[in-house]
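Asker: Quick one: sequence and predicted model below, then my questions.
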Amino acid sequence: MIKKKIFNNGVEIPMLGLGVYQTKDGAETVNAVKWALEAGYRHIDTAAVYGNENSVGLGIKESGIPREEIFLTTKLWNEDIRKGRELEAFEESLKRLQTDYVDLYLIHWPVENREKSWKVLEEIYASGRAKAIGVSNFQQHHLEKLLAVAKVIPAINQVEAHPYLNNNELADYCRSKGIAMQAYSPLGGTGGNLLENEVLNKLAEKYNRTPAQIVICWDIQRDFVVIPKSVHKDRIISNLEVDFELLPEDMEVINSLNCGKRFGPDPDHFDF
Ligand SMILES: NC(=O)c1ccc[n+]([C@@H]2O[C@H](COP(=O)([O-])OP(=O)(O)OC[C@H]3O[C@@H](n4cnc5c(N)ncnc54)[C@H](OP(=O)(O)O)[C@@H]3O)[C@@H](O)[C@H]2O)c1
């Protein structure tokens, strides 16, 4: 049974979800979503820019699991912020997802004009069509600017986070403001080499688990909502099997791997 985290507005999010970045639109996404829901996941993380919202919606429908039992996140893309078409973009996402609400709507990247966009997200939230709203890739200084004008405090900040970039300082700041933390690319992303790390492999041996399970467990134990991606049924299933606990000293060992290494773009220097 996956634990839930309670947002600052009372909405509950399952601590573990399936990510679908780079999961191909069509059968690959439909299957991944269906396998995940069949295995017991109740949380899917997509984005308009992933180009697979349609297939996520289809996977949910075909799973036969009632929509209200599933926590669904999507994100507002940068171009839509720049063009001031936040509401249209949100409605297009709902249409593709074949649903009339999302559980969480995020500003995907801290592009200029994001404070203006946040006002639109607040309206969407007030309308009930997003049960919670939040941000992604926000550093402390981005949040400070947003909080100066926000009426609704973001429920969550979804950022790159894994043992090489544990983001503990940002997490301390977010928590002091009532903002939950969410780890993306928790396994080091596609093509990363995190899971080859010797320390993680030693811990995997010690607990008789996979390195991925060690990292996912570490995230949940340090109160980060986590969304590993896979298109393989066996991995989707095994990534959910994290009903074990790491000893405090092993949590520390993983924390000590932090070296500030990013596998993805830097939120302070991105050009898309
Ligand atoms: N907000 C943002 O800007 C942002 C950015 C990036 C990601 N995200 C979200 O976070 C999710 C996760 O991040 P991510 O997709 O970048 O990377 P990730 O989940 O850290 O890693 C995915 C990679 O790990 C492999 N993998 C999965 N389970 C494994 C296992 N048990 N053993 C070995 N390898 C395994 C996957 O391969 P296979 O698929 O071949 O199994 C894939 O290559 C995304 O899907 C997306 O929803 C958000």
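Answerer: On my side now, so go ahead. Numbers count the residues shown, from 1 in each chain.
Asker: and the stretch 101-250 of the chain, which of its residues are near the ligand?
Answerer: Within the stretch 101-250 of the chain, the positions lying close to the ligand (C-beta under 6 Å from any ligand atom) are 108, 136-137, 158, 184-190, 195, 210, 212, 227-232, 235, 238-239. Any C-beta I mention is one placed from the backbone N, CA and C, and that applies to glycine too.
Asker: Of these, keep whichever come out buried.
Answerer: Neighbour-count burial (16 or more other C-beta atoms under 10 Å) is assigned, among those, to 108, 136-137, 158, 184-189, 195, 210, 212, 227-230, 235, 238-239.
Asker: so of those, which ones are in strands?
Answerer: Of those, the ones assigned to strands by DSSP state E are 136, 158, 184.
Asker: Going along the chain, name the helices of the stretch 1-150 of the chain.
Answerer: Using DSSP state H, counting those that start in this stretch, the helices of the stretch 1-150 of the chain run over residues 27-39, 53-63, 78-82, 86-97, 114-126, 140-147.
Asker: Could I get the full set of helices for the stretch 151-272 of the chain?
Answerer: 168-176, 198-207, 211-221, 233-240, 248-255.
Asker: And the ones you listed: which comes nearest residue 46?
Answerer: Relative to residue 46, the nearest member of the helices of the stretch 151-272 of the chain by C-beta to C-beta is helix 233-240, separated by 15.0 Å.
Asker: residue ranges with poor pLDDT in the stretch 1-150 of the chain?
Answerer: Low-confidence regions of the stretch 1-150 of the chain, defined here as pLDDT under 70, do not occur.
Asker: Residue 168 contacts residue 256, doesn't it?
Answerer: No: when contacts are counted by C-beta atoms under 8 Å, residue 168 is not listed as touching residue 256 (11.3 Å).
Asker: Between the two, point out the one with more neighbours.
Answerer: Set side by side, residue 168 and residue 256 show more neighbours around residue 168, with 14 against 11, by other C-beta atoms under 10 Å.
Asker: circling back: export the helices of the stretch 151-272 of the chain as a markdown table, with columns for mean pLDDT.
Answerer: Written out in a markdown table, the entries for those read as follows (pLDDT from 0 to 100):
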| stretch | mean pLDDT |
| --- | --- |
| helix 168-176 | 98 |
| helix 198-207 | 98 |
| helix 211-221 | 98 |
| helix 233-240 | 98 |
| helix 248-255 | 98 |
